[in-house]
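[1] Turn this into a structure:
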Amino acid sequence: MASSQNQRFIGFPPPLLGERPLRLPVLGAEPGRWLALDKPAGILTDRHRWHPDLPGLLAAFNEQVEMGKPELEPYEITAARHVYILEPETTGVLLLALSEKAIEELRDAYGSALMNFTFGFLARWDGGDKKRTCSLPISVHTTEPRALVSHQSGKKCETVFQMDKRLGNYAWWKAEAKYMRPHQIRLHAAEVGLPVVGDRLYGGPPPICLSALKRDYLSRGVEKPLYDGLCLHLESLELPDGARLESPLPKGLGVLQRRLSQHARD
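    Below is the predicted model of the structure:
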């Protein structure tokens with residue numbers, strides 16, 4: 001969703017989501033039923049044992065609901081809960097249910113695979129098939145904060161990958177799923193030979209610096225990556241009623257994509 005003068009935001013003053021204030025764009029809403037926010041990196045959907053030191057968006061949101069924050073009044077919130085989990089490293093569309101009835105209905109729809117998720121991500125171009133599918137079962141590691149493929153204890157899931165555009169030695173891919181197991185997109189991408197750039201956990205390429213794209217680049221001091229994060233973004237969510245919620249690329253990820261496109265033409 002492009003920003004405009006009519007774009008609405010939900011503000012989070014410190015220390016709710018960290019030391020600095022944050023304003024998260026509202027991507028869409030149906031008062032009393034659901035609200036979609038544009039989640040940045042580095043924030044949990046809800047508190048999780050894998051990331052005990054990161055702030056949880058849902059707790060911060062509900063704290064402001066309980067305080068009666070005026071900017072939340074138009075959404076008619078009686079009980080806010082997340083419909084699904086977005087990992088802290090992943091940015092994009094986050095859907096919250098706003099009432100007990102909506103929680104039950106939306107989570108049931110999600111669990112019944114009635115929602116369509118479309119991710120965008122960056123991977124090295126390997127010259128292989130432009131469409132790939134992975135349906136390997138996924139389980140959560142018992143002691144480490146990661147997922148793994150397991151034909152004994154894993155749960156069924158499927159991800160369909162389609163190359164969107166070639167960017168020199170890299171490519172921008174779309175990943176579609178109707179349900180998301182923990183780390184599903186990242187693990188499945190690695191399994192089909194497309195580990196996500198910046199994904200150290202699943203063997204992804206390191207973040208990209210400008211010196212890797214420009215032969216005559218002269219670095220001054222320690223060079224910073226063009227985007228120092230996981231290059232994975234939940235671009236859109238389609239709800240069972242056909243409503244489509246879209247999130248623009250984070251600024252840094254958009255800059256990286258444009259740089260790659262520019263140098264691919266040079």
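[2] tell me which residues in stretch 252-265 are buried?
    Buried residues in stretch 252-265, counted by 16 or more other C-beta atoms under 10 Å: 253, 256-257, 259-260, 263-264. To be clear about C-beta, it is placed using only N, CA and C from the backbone, and glycine gets the same treatment.
[3] try stretch 139-156
    Residues 139-140, 147-148, 154 are the ones in stretch 139-156 that count as buried (16+ other C-beta under 10 Å).
[4] Go ahead and measure how far it is from the middle of the chain.
    21 Å (C-alpha atoms, centre = their mean, to the nearest Å).
[5] rewinding a little: from the buried residues of stretch 139-156, which ones fall inside strands?
    Here DSSP state E is the test, and the buried residues of stretch 139-156 give 139-140, 147-148 as lying in strands.
[6] can you give me the strands in this protein?
    9-12, 22-30, 34-39, 81-82, 91-97, 116-124, 131-134, 138-140, 147-149, 159-167, 170-177, 232-238, 244-246.
[7] by contact count, what packs against the first one?
    Spelled out, that is strand 9-12. strand 22-30, helix 57-66 (3 or more C-beta pairs under 8 Å, 6 or more residues apart in numbering; DSSP states H and E).
[8] Show me which positions of the shortest one end up buried.
    Right, strand 22-30. Neighbour counts using 16+ other C-beta under 10 Å place 22, 24-29 of strand 22-30 among the buried residues.
[9] Put together CSV for those residues, with pLDDT on each row.
    Listed next are the buried residues of strand 22-30 as CSV, based on pLDDT from 0 to 100:
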residue, pLDDT
Leu22, 96
Leu24, 97
Pro25, 97
Val26, 98
Leu27, 98
Gly28, 97
Ala29, 97
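[10] which one among these gets closest to Gly242?
    Taking C-beta to C-beta as the measure, Gly242 sits nearest to Gly28 out of those, at 12.5 Å.
[11] surely the closest one meets Leu239?
    No. Gly28 lies out of contact with Leu239 (C-beta atoms under 8 Å); the separation is 9.2 Å.
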